[in-house]
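1. A structural model of the following input is requested.
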Amino acid sequence: MENLAQLLDSLLETLNALDRVLTEEHHLLCSGQLPGVALQRVTDVKSQLLATVNYLEQQRLERERAQKQQAPYSAHPRLADAWQQVQLLSQKLREKNQHNGLLLNQQLDHNAQALAILGKNNKSLYGPDGQSRSGSLLGRKIGV
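-> Numbers count the residues shown, from 1 in each chain. I've put the predicted structure just below:
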């Protein structure tokens, strides 16, 4: 039983770390400017934590089979309490992650709209190779 209890404790610890990362991600997505480097770092940490959660969940299932136990562990109050915490926190994290996904999609839509506007207005200034074209803007010749 102790191995399963330790595993659930590790799972809770990892989920709490994921909660902190999702909160940081939310703050970044709500900031005025989307800081790409910071967001990439948070995304990398989030991916690592999700991989750890997946690994711990696989270990939990193996230990359940070996110890002939099954969640929600009604016969073992300590395990039942830990499992309930895992379930509640997992639901909270799912909702936070979905909300962050919506915020990210809004940012992507906003960026796509800005690029579309910039692309329309700057076709005459830049060639397909990204180099500036010499030409006239409002009747004046420009060159860079």
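2. all contacts plus neighbour counts: C-alpha atoms, from now on.
-> Fine.
3. need the strands for this structure, in chain order.
-> Assigned strands in the chain, in chain order: 135-137, 140-142 (criterion: DSSP state E).
4. Any idea which of the ones you listed has the lowest pLDDT on average?
-> Looking over the strands of the chain, mean pLDDT reaches its minimum on strand 135-137, with a mean of 52.
5. Okay, now the unreliable bits of the protein?
-> Low-confidence regions of the chain, defined here as pLDDT under 70, cover residues 1-2, 121-127, 133-144.
6. longest single helix anywhere in it?
-> Ranked by number of residues, the top helix in the chain under DSSP state H is helix 77-121.
7. now for it, which elements pack on it?
-> Applying 3 or more Cα pairs under 8 Å, 6 or more residues apart in numbering; DSSP states H and E, one finds that helix 77-121 makes contact with helix 2-30.
8. what's the distance between residue 33 and residue 20?
-> Here the distance between residue 33 and residue 20 works out to 21 Å (Cα to Cα, to the nearest Å).
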